[in-house]
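Enquirer: sequence and predicted structure, then a few things I'm wondering about:
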Amino acid sequence: MSTLGDAFRRQTKQDGATALPGNRAVSAGAAGLTTTGDNNKTTLNGDNVTGDQYKGDQYKIDAVHIHPPAPADQPSVVWPLRLGAIPLPASAFQPRPRLRAAIDAAPPDAAAPATRTHVLSGGAGVGKSQLAAVYANEAVADAVDLVLWVPAAEAGQVIASYAQAARLVGAAGTTGTDPEADAEAFLGWTATTDRSWLVVLDNVGDPEAMAPWWPTGSGGRVLATSRSQDARFSGGGRVRVTVELYASDECIAFLETRLAGEASAHLLEGRAAELAELLGRLPLALGHAATYMINEDLGAEEYLGLLRTGTLDRALPSDADSEGYGRGVAAALLLSTAAANAAGPAGLADPVLRIVALLDAAGHPLALWRTPVLLEFLGRHRHTGREAGAATAVIPVTSITPVTPVTPDEARSALRILHRYNLITFDSRSTHREIRIHALTARATREATPAGLLAELSAVAAAALTALAPADDRPDAEPDQNLTAVLRANTDTLRQHVPPAP
């Protein structure tokens, strides 16, 4: 293989440029070499071009810029480049100005890296990818030189996308034979290029696996989405932005805009606000519901009846997915359960989630998870793996003998794992209501729980609530009325979900 120096020698001979004393304005053509100087000697040593400049009694080494030639088979890059399947703008998308202001704000730390990197974190269906797609499509409209959309659930997907991008942008060091080396070459390109670029990493899973693959460079920015709110995503100068549910007015605007666009505004029957609340103000659920109503020509009153009495898979099916999400709402909400169950303490996330789903979505006490009856239940139902052929993302619970003890710390860790994967909310600031869950996530979990298991789950939850009730039989005891009210609300919710046996 010829060296950079060989290319220089060939080109200087072809172009008549000189490497002897004289004017050292050397043009090396495809080799991309340039030198500057006066009437002094230029020295070529391998791939290095150096020179001196005489001034009085001093010699000074000239600055030389060397740009390696592109591979012979590398076609010229035609800018701008669009790589990856950038989603189209969502129908009736709400602009969400508060979220955009947080994403567009200057880095809070003046010493942070020049590359703006934001991680949009939130549960399933809150609109993270739709928001990222808005930024990607705006970058396309603004003629940003490179817009790269990367499916990022696995590190291998990121490496493959980067390797392809490296070849197409002509990144130095790209071979086409080693994807990981080519991916590293792409990171080198982003760090040094004066081209503008945007890299979107959609649905990032493991922050540890992603750690070596965050692009840097003053000419670009990175936007990532993730279901996880792991604090490691805010390391390295990155900013994590929480994507919440739609506000009530955004829900109403979405439903009105979506149905009006299909000449179906009459189907709302003035009940958009009621629909929004029953759907938990979840953008994904609102989109499915609107599509279902349009397709079936179903008025709001009839649809609300279906939503209250039917299953989620019936009211929000996968074939009502108008934005290419790829699954029904119930399956989407529980997609992270397997990952949470494996994250540790192994096998506890699933039975913990099933208990939480039976209690008040507005919250129950963290102290419930220190009651012996609940810890003993978790010990008997710790699960060690997914059963083949499971129809949903929730892993079936199986009893294990002998019982593996579960400590309060392990139970707390399982709750924190579920929180990290946005399956529940763990908020230590909410006295007596530290553990909350979105109503649709709870419903999807209950619907995926075998009927034969519900009775045992209900009995255990009821026993734990009873055990937590404050003692009031001592003359000097003052029952915590707030705790009592919370326990009563949870007991009422439990009765609604699992009616007592006749």
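Expert: Thanks, I have the structure now.
Enquirer: so where do the strands sit in the protein?
Expert: 33-34, 42-45, 48-55, 58-61, 65-66, 81-83, 116-121, 146-151, 197-202, 220-226, 239-242, 425-426, 435-436 (DSSP state E).
Enquirer: what about this structure, any weak spots by pLDDT?
Expert: Applying pLDDT under 70 to the chain flags residues 1-75, 106-114, 383-404, 471-481, 499-502.
Enquirer: now Ala265: closest residue in space that isn't a chain neighbour?
Expert: Leu259 (4.9 Å; CB to CB, 6 or more residues apart in numbering). C-beta: built from backbone N, CA, C; applies to glycine.
Enquirer: do the same with Ser226
Expert: Val204 (4.4 Å).
Enquirer: correct me, but the one you found touches Met210?
Expert: Yes - the pair Val204 / Met210 is scored as a contact, 5.5 Å apart, by CB atoms under 8 Å.
Enquirer: domain ranges for the protein, per the record?
Expert: 4-66, 81-242, 248-328, 334-497 (automatic domain parsing).
Enquirer: any chance of those in CSV, plus mean neighbour count?
Expert: CSV is the format used below for the domains of the chain (neighbours: other CB atoms under 10 Å):
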stretch, mean neighbour count
domain 4-66, 15
domain 81-242, 19
domain 248-328, 18
domain 334-497, 18
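Enquirer: go ahead and confirm Asp194 touches Gly220.
Expert: No - Asp194 sits out of contact with Gly220 when judged by CB under 8 Å, with a separation of 10.5 Å.
Enquirer: overlap in contacts of those two?
Expert: Among the neighbours of Asp194, none is also in contact with Gly220 (CB atoms under 8 Å, 6 or more residues apart in numbering).
Enquirer: how much space between Glu262 and Ala315?
Expert: From Glu262 across to Ala315, the span is 19 Å (CB to CB, to the nearest Å).
Enquirer: okay, and the beta partners of the residue nearest the centre of the chain?
Expert: Taking CA atoms, centre = their mean, the centroid of the chain lies closest to Ser226, which sits 1.2 Å from it. Under the criterion DSSP bridges, Ser226 forms beta bridges with Ser121.
Enquirer: who's in contact with it?
Expert: Neighbour list for Ser226: Val119, Leu120, Ser121, Lys128, Asn203, Val204, Gly205, Phe233 [criterion: CB under 8 Å, 6+ apart].
Enquirer: closest one of these to Thr425?
Expert: Ser121 (13.0 Å; CB to CB).
Enquirer: just checking, the closest one touches Thr242?
Expert: Yes - between Ser121 and Thr242 there is a contact under CB under 8 Å: 5.6 Å.
Enquirer: which residues do those two both contact?
Expert: Counting by CB under 8 Å, 6+ apart, the contacts common to Ser121 and Thr242 are Gln229.
Enquirer: ok so, going back, how close does the residue nearest to Ser226 sit to Ala152?
Expert: Separation of Val204 from Ala152 (CB to CB) stands at 5 Å.
Enquirer: same check on Thr337?
Expert: Counting by CB to CB, the gap from Thr337 to Ala152 is 20 Å.
Enquirer: same question, Leu201
Expert: Remark: distance between Leu201 and Ala152 (CB to CB) = 4 Å.
Enquirer: tell me who's in contact with Thr225.
Expert: Thr225 makes contact with Val119, Leu120, Ser121, Lys128, Ser129, Leu131, Ala132, Val200, Leu201, Asp202, Asn203, Val204 under the criterion CB under 8 Å, 6+ apart.
Enquirer: could you measure from the residue lying closest to the fourth one once chain neighbours are set aside over to Thr431?
Expert: What sits nearest to Lys128 in space, not counting adjacent residues and going by CB to CB, 6+ apart, is Thr225, at 4.0 Å. Using CB to CB, one obtains 33 Å as the distance from Thr225 to Thr431.
Enquirer: list the contacts of the nearest residue to Ala191 once chain neighbours are set aside.
Expert: Nearest-residue entry for Ala191: Gly217, 4.5 Å, with adjacent residues in sequence omitted and distances by CB to CB, 6+ apart. Gly217 makes contact with Ala114, Thr115, Thr190, Ala191, Thr192, Thr193, Trp197 under the criterion CB under 8 Å, 6+ apart.
Enquirer: give me the beta-bridge partners of Val199?
Expert: Leu148, Val222.
Enquirer: my guess is it contacts Leu148. True?
Expert: Yes - the criterion here is CB under 8 Å, and Val199 meets it with Leu148 at 4.8 Å.
Enquirer: just checking, Asn341 touches Arg354?
Expert: No - taking contacts as CB under 8 Å, Asn341 lies outside contact range of Arg354: 11.3 Å.
Enquirer: for Ile263, phi and psi?
Expert: I think there's a mix-up here, since residue 263 is Ala and not Ile. In terms of degrees, to the nearest 10, the main-chain angles of Ala263 are phi 50, psi 40.
Enquirer: any idea how far it lies from Ile294?
Expert: Taking CB to CB, one finds Ala263 at 9 Å from Ile294.
Enquirer: does Gly324 really touch Ile86, like I thought?
Expert: No - with contact defined as CB under 8 Å, Gly324 does not reach Ile86; the gap is 12.0 Å.
Enquirer: any chance of JSON lines for the contacts of Thr225, columns distance to Leu483?
Expert: Below are these laid out as JSON lines (distance: CB to CB, whole Å):
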{"residue": "Val119", "distance to Leu483": "37"}
{"residue": "Leu120", "distance to Leu483": "36"}
{"residue": "Ser121", "distance to Leu483": "32"}
{"residue": "Lys128", "distance to Leu483": "36"}
{"residue": "Ser129", "distance to Leu483": "40"}
{"residue": "Leu131", "distance to Leu483": "39"}
{"residue": "Ala132", "distance to Leu483": "42"}
{"residue": "Val200", "distance to Leu483": "46"}
{"residue": "Leu201", "distance to Leu483": "44"}
{"residue": "Asp202", "distance to Leu483": "43"}
{"residue": "Asn203", "distance to Leu483": "40"}
{"residue": "Val204", "distance to Leu483": "39"}
